[in-house]
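A.B. asks: Pasting a predicted model and its sequence here:
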Amino acid sequence: MADKRDYYEVLGVGKSATDAEIKKAYRVLAKKYHPDTNPGNQEAEAKFKEASEAYAVLSDTDKKRQYDQFGHAAFEGGAGGAGGFDFNGMDMGDIFGDIFGDIFGGGRSRSRSSNGPMKGQNIRTSVRITFEEAVFGVEKELDLTLKDDCETCHGTGAKPGTTASTCSKCGGKGQVVFTQQSLFGVVRNVQACPDCRGTGKIIKDKCTDCNGTGYISRRKKIKVSIPAGIDNGQSVRIREKGEPGVNGGERGDLLVEVVVSRHPIFQRQDYDIYSTAPITFAQAALGGDVRISTVDGDVYYTVKAGTQTDTKVRLRGKGVPTLRNKEVRGDHYVTLVVQVPTKLNAEQKELLQKFDESLTGKKADAVEATEHEDKDKSKKKGWFNK
């Protein structure tokens, strides 16, 4: 099987494309290759499916972030969908309705009603963790304001003993339809009813405890388990901790974005860690054991005699665990930097000068130059100094 094309390449957009640009690019391809306009054309159908899959990923913030991080591997092994991508929970009908406005068929409308059970909105928040916590994983406690069903009206929003009435504007459907003339013919657009906000019901006698909203806001502490190997900007999903559902629908999810603090020594790239380690001139020249800091603690590494500055050392398995398997880790790359002493006493200078003479066979000019400078200064003393 041929490798999948890059989703950005499929839609013909760059990685920095906005949501509007991604949607516009998909609209052009969908109109061009839609099966209704290309009956019996299998090639057009394949391109339409390819574009739809690319749009389904790039139009979703979480899936787009996963794809940017891991590519097609982010969706391997999923159920349903082409190539392992999981389309469950995605209403492609809504996407097509938004893009085409029911242009095919000159005004065909869908019977799907928005006043049925609908999943609640997702809630987004963030949590800051340290570099080490991102490497090994951590459990954090969040203090958030969440909505619960009102115990007085049981989430209906109506005063106890009363019931909501059917919305007269939409007839209880929760949707209103308006038509428009376009280049493609009559376009029928469907949107949520502005009077009942898509519920199909109007509450006349509101519950006094929740003011007709059907829910009560409370401060809650939520524990979130952050997996080992998570990177800055990635999110953890906590199921059914978001907004309450509508008309009996399930709750939305809580999406916790992870913000990783910078480390003074370590830097991360994918699952590898990079750092520098100082070594003395003697260690570099003679070789020996040097101590290197890692996320697992200090380790000793034996450097070879004659090691030069900027020599790179690879510590296998000392990097960041992968999200799929925390037992599989990246590597730690260390750049050795030879430290040159900035302050030397007279004895140390003399020893270094003798060492230099033994290497070059020449007497150090620095000593002679210093002696000449001292003599010149004594000769140039003024009359008053004498």
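C.D. replies: Thanks, I have it.
A.B. asks: Identify the residues contacting the closest residue in space to residue 170 that isn't next to it in sequence.
C.D. replies: Nearest non-adjacent residue to residue 170, counting by Cβ to Cβ, 6 or more residues apart in numbering: residue 193, 3.9 Å away. Glycine gets a C-beta too; all of them are placed from N, C-alpha and C. Counting by Cβ atoms under 8 Å, 6 or more residues apart in numbering, residue 193 touches 167, 169, 170, 173, 174, 175, 176, 200.
A.B. asks: rerun that using 6 Å as the cut-off
C.D. replies: Residue 193 is in contact with 169, 170, 174, 176, counting by Cβ atoms under 6 Å, 6 or more residues apart in numbering.
A.B. asks: Now, these that are in strands?
C.D. replies: Of those, the ones assigned to strands by DSSP state E are residue 176.
A.B. asks: Kindly indicate which of the contacts of residue 193 lies nearest residue 37.
C.D. replies: Nearest to residue 37 among these is residue 176, at 28.4 Å by Cβ to Cβ.
A.B. asks: can you pull the contacts of that closest one?
C.D. replies: 170, 193.
A.B. asks: Can you name the residues bridging to it?
C.D. replies: Taking DSSP bridges as the rule, residue 176 bridges to residue 191.
A.B. asks: How much space separates it from residue 194?
C.D. replies: Applying Cβ to Cβ, to the nearest Å, the value for residue 176 to residue 194 is 7 Å.
A.B. asks: just to revisit the earlier point, if any of the contacts of residue 193 are buried, put those into a PyMOL selection.
C.D. replies: A single PyMOL command is used to select the members of the contacts of residue 193 judged buried by 16 or more other Cβ atoms under 10 Å:
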select buried, resi 170+174+176
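A.B. asks: Hmm, which of the contacts of residue 193 is lowest in pLDDT?
C.D. replies: Among the contacts of residue 193, residue 174 carries the lowest pLDDT, at 79.
A.B. asks: from memory that one sits against residue 200, does it?
C.D. replies: Yes - assessed by Cβ atoms under 6 Å, residue 174 is found in contact with residue 200 at 4.1 Å.
A.B. asks: Just the closest of the contacts of residue 193 to residue 347, please.
C.D. replies: Nearest to residue 347 among the contacts of residue 193: residue 174, at 90.7 Å, using Cβ to Cβ.
A.B. asks: where does that closest one sit relative to residue 197, distance-wise?
C.D. replies: Using Cβ to Cβ, residue 174 is found at 8 Å from residue 197.
A.B. asks: if we can go back for a sec, will you turn the contacts of residue 193 into TSV that also has distance to residue 154?
C.D. replies: TSV is the format used below for the contacts of residue 193 (distance: Cβ to Cβ, whole Å):
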residue	distance to residue 154
169	26
170	24
174	20
176	28
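A.B. asks: biggest separation within the contacts of residue 193, which pair?
C.D. replies: The largest separation in the contacts of residue 193, counting by Cβ to Cβ, is between 169 and 174 at 10.0 Å.
A.B. asks: Tell me the bridge partners for residue 297.
C.D. replies: Per DSSP bridges, the residues bridged to residue 297 are residue 294.
A.B. asks: give me the number of residues near it?
C.D. replies: Neighbours of residue 297 under the rule other Cβ atoms under 10 Å: 6.
A.B. asks: Repeat that for residue 44.
C.D. replies: Neighbour count for residue 44, taken as other Cβ under 10 Å: 16.
A.B. asks: cool, and residue 256?
C.D. replies: Around residue 256 there are 22 other residues, counting by other Cβ under 10 Å.
A.B. asks: for the one 5 residues further on, same thing?
C.D. replies: A count of neighbours around residue 261, defined by other Cβ under 10 Å, yields 12.
A.B. asks: any low-confidence regions in the chain?
C.D. replies: Applying pLDDT under 70 to the chain flags residues 1-2, 36, 76-116, 180-187, 362-386.
A.B. asks: the domain parsing of it - what is it?
C.D. replies: Per the record, the chain has its domains at 1-100, 267-339, 346-379, by automatic domain parsing.
A.B. asks: in stretch 241-260, what's buried?
C.D. replies: Within stretch 241-260, the residues that count as buried by 16+ other Cβ under 10 Å are 241-246, 251-258, 260.
A.B. asks: Quick check: the farthest pair among the residues you listed?
C.D. replies: Of all pairs drawn from the buried residues of stretch 241-260, the greatest distance, 35.6 Å, lies between 246 and 260 (Cβ to Cβ).
A.B. asks: Quick check: which element contains residue 252?
C.D. replies: Here residue 252, judged by DSSP states H and E, is contained in no helix and no strand.
A.B. asks: Would you list the phi and psi of it?
C.D. replies: The phi/psi pair for residue 252 (degrees, to the nearest 10) reads phi -70, psi -170.
A.B. asks: could you list every residue that touches it?
C.D. replies: Going by Cβ under 6 Å, 6+ apart, residue 252 touches 119, 120, 121, 122, 242, 243.
A.B. asks: isn't the second one right up against residue 247?
C.D. replies: No - the pair residue 120 and residue 247 does not pass the contact test of Cβ under 6 Å, sitting 10.7 Å apart.
A.B. asks: Quickly list what's touching both of these two.
C.D. replies: The contact sets of residue 120 and residue 247 do not overlap (Cβ under 6 Å, 6+ apart).
A.B. asks: okay, now residue 234: neighbour count?
C.D. replies: 19.
A.B. asks: check contacts around residue 121.
C.D. replies: Contacts for residue 121 (Cβ under 6 Å, 6+ apart) come out as 243, 252.
A.B. asks: Secondary structure element for it, which one?
C.D. replies: Using DSSP H and E, residue 121 falls outside every helix and strand.
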